[in-house]
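1. with the sequence up front, the predicted model follows.
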Amino acid sequence: MKRWTEFLNENLFTPVSQPDRDLLYRKINELKRWLHLPEGLDLRNVIDKIFREYGYENQLTPEEIEQFGKGLESLKLTDMSNSYITWKLNQAMPYGIEKLTLVRDANGDWDFLNKLNTNYTALAELLTELIMRGIEYNKEKGMVIYEKVIANPQEGLMGIKKYLERLIVLYFIERGKGLDDFRMFTLKIKELSKLGEEAEETIAELLRENGFEVVYQGGNGDFIDMIFGCDMIVKHEKWGYKSVQVKNKFPGWKSLSHYKVDWLGLAYPNIELIDFKTQQPVRL
C-alpha cells in the first residue's frame, strides 16, 4: 500500500492532464499581432535584443544601403506624406540606416530569420515550443504555465512576459542550438513568402500591362517594405508615383489599418487594385 504522502504527491501535486501542443499553438496564434507589438507581448524587441546581443546580426552592405536610398527617394514622390516618412525613419532607425543590422545565412545572404520577430504564426510556434520545453524540464511548473495559457492566452502569456528573454535564451541557446533552433520556426514564413512573391509578380504584371513602370521592388529583407509596408513603387504619366502593398488575399480592413500606402494589390481570387483612402477599386 502506498504511503499517504506518496498518494498526495501523485494525485494532487502532479498535473493530471497532458499538454496538447496543437491546442496550445491555436490558442496562442489567435493573438496575432499582439504577440510582437510593444503594447502586447513585445516579442519583436525581445527577439531583436537576443539576436543583437548574441552576435547573430551583421551590418548592411554598401549595396543594400544604396538600394534603400533609391527606394526612399522614390517613396517621397508618392502620396505618402513626408511627415509620416520622417516619423517612421526616426522611429525605425534613429541612428541612421548604417546602424541597422540583418541576420545572414551561411552564404552571407539575407536569412528568413529576419521575419521571425514580426510573423505572429512563427512567434506562436516559438512560444508553443518554449512552453513544451519548459514542461520537459520541470513538468509541475511548466504545466502551470500551460494551463494558464490555455485558459486565457493573453493573460497567461503576460504572466511570463518579463521572463521571456531569459527563457528563450535558456531553452533555445544555452540548452539548444541557437540559430538552428530558431530556424525551425521559419518554414511557414518561407511558404508565405513564396505566395507573397507570386502575388507581387501578378500585380506588377497587371500594372505594366496598363502602362506603369515599376521603379522600385525590394523583395525579402527590404527595409522600405519592413518600415513603410510598401512592396513596390510604380509610376505612370497620368497617375504619377504610387506606393503599393500587395496581399495574396484580402485580410480585412482592420488588419490593414496600419498601412499608409496609396494602393492595395490583391492577387486572389480576383486580381485588383484598391485605393487605401477610399477603399474603392482603382479603375486603370
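-> Received the coordinates, thanks. Numbering: from 1, shown residues only.
2. CA only for contacts and neighbour counts going forward, please
-> Fine.
3. pull the CA atoms of the biggest helix by length in the chain into CSV?
-> Assignment by DSSP state H gives helix 187-209 as the longest helix of the chain. Extracted as CSV, the C-alpha positions of helix 187-209 are listed here (Å, rounded to 0.1, in the frame of the first residue of the first chain):
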residue,chain,number,x,y,z
LEU,A,187,9.1,27.0,-42.5
LYS,A,188,5.7,28.8,-42.7
ILE,A,189,7.5,32.1,-43.2
LYS,A,190,9.1,30.6,-46.3
GLU,A,191,5.8,29.3,-47.6
LEU,A,192,4.1,32.6,-47.1
SER,A,193,7.0,34.5,-48.7
LYS,A,194,6.7,32.3,-51.8
LEU,A,195,3.0,33.1,-52.0
GLY,A,196,3.8,36.8,-51.5
GLU,A,197,6.4,36.9,-54.2
GLU,A,198,4.0,35.3,-56.7
ALA,A,199,1.3,37.8,-55.7
GLU,A,200,3.7,40.7,-56.2
GLU,A,201,4.6,39.5,-59.6
THR,A,202,0.9,39.2,-60.5
ILE,A,203,0.3,42.8,-59.5
ALA,A,204,3.5,44.0,-61.1
GLU,A,205,2.4,42.4,-64.4
LEU,A,206,-1.1,44.0,-64.2
LEU,A,207,0.5,47.4,-63.7
ARG,A,208,3.0,47.0,-66.5
GLU,A,209,0.2,45.9,-68.9
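4. show me what that helix packs onto, helices and strands only.
-> Applying 3 or more CA pairs under 8 Å, 6 or more residues apart in numbering; DSSP states H and E, we find helix 187-209 packed against helix 120-137, strand 213-217, strand 240-247, strand 263-266.
5. would you mind listing the outside residues contacting it?
-> Where contact means CA atoms under 8 Å, 6 or more residues apart in numbering, the residues beyond helix 187-209 that reach it are 112, 115-116, 119, 121-122, 213-214, 219-220, 231, 246-248, 265-267, 271-272.
6. that one - what's its average pLDDT?
-> For helix 187-209, the mean pLDDT works out to 94.
7. where does the stretch 151-284 of the chain dip in pLDDT?
-> For the stretch 151-284 of the chain, no stretch has pLDDT under 70.
8. what sits against residue 141?
-> Per CA under 8 Å, 6+ apart, neighbours of residue 141: 134, 135.
9. that older thread, give me the angle between the longest helix of the chain and strand 240-247.
-> 150 degrees (axes from the mean of the first three to the mean of the last three CA atoms, to 10 degrees).
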